[in-house]
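# sequence and predicted model, in that order:
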Amino acid sequence: MFPERSDGAWIGRTYYVKREKDLDVEEELLKRRRQGIEVDKSELVDLLMAAWVKRQQGENIDLLLDEITPRRNSQNEGK
């Protein structure tokens, strides 16, 4: 269930998040799972952190964010 635990490229960290935000994230991840998109919280945090670092380095983060929000492309096509 948590392949990150046995992967040496990942390290464990403990962070605090607000309960309501955590519930919102769980709800959104469940919606993605029902669409066949598997992203767990560790992957989500890793992708968000990578996007933040890239942005700080002046890079375009749209491609990174598309990995977590694949719906974005279909929403933008209608505009």
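Noted; the coordinates are in hand.

# can you count the residues close to Pro3?
10 (other CB atoms under 10 Å). Where C-beta positions appear, they are placed from N, C-alpha and C, glycine not excepted.

# pretty sure Ile61 is touching Val53, no?
No: between Ile61 and Val53 there is no contact under CB atoms under 8 Å: 9.2 Å.

# tell me which of the two has more neighbours.
Higher neighbour count among Ile61 and Val53: Ile61, with 16 against 12, using other CB under 10 Å.

# now that one, nearest residue through space, not along the chain?
Ala51 (4.4 Å; CB to CB, 6 or more residues apart in numbering).

# can you check the pLDDT for the one you found?
Confidence per residue is given as pLDDT, and for Ala51 that number is 88.

# for it, give me its contacts.
Under the criterion of CB atoms under 8 Å, 6 or more residues apart in numbering, the contact partners of Ala51 comprise 61, 64-65.

# out of those, which one sits closest to Ile37?
When those are compared for distance to Ile37, the smallest value, 14.1 Å, is given by Leu65; criterion: CB to CB.

# what about the closest one, how many neighbours?
16.

# swap in Arg19?
Here the number of neighbours of Arg19 (other CB under 10 Å) works out to 8.

# please apply the same query to Tyr15.
When neighbours are counted by other CB under 10 Å, Tyr15 comes out with 5.

# so Arg33, which state does it fall into?
Three-state assignment for Arg33 (DSSP: H, G, I helix; E, B strand; the rest coil): helix.

# any idea how far Asp40 is from it?
As judged by CB to CB, to the nearest Å, Arg33 and Asp40 stand 10 Å apart.

# cool, and Arg34?
From Arg34 over to Asp40 the distance is 15 Å, taken as CB to CB.

# quick one: mean pLDDT for whichever strand or helix holds Glu20?
Assigning secondary structure by DSSP states H and E places Glu20 in helix 19-34. Taken as a whole, helix 19-34 has an average pLDDT of 94.

# for it, buried residues please.
Burial within helix 19-34, assessed by neighbour count using 16 or more other CB atoms under 10 Å, is assigned to 29, 32.
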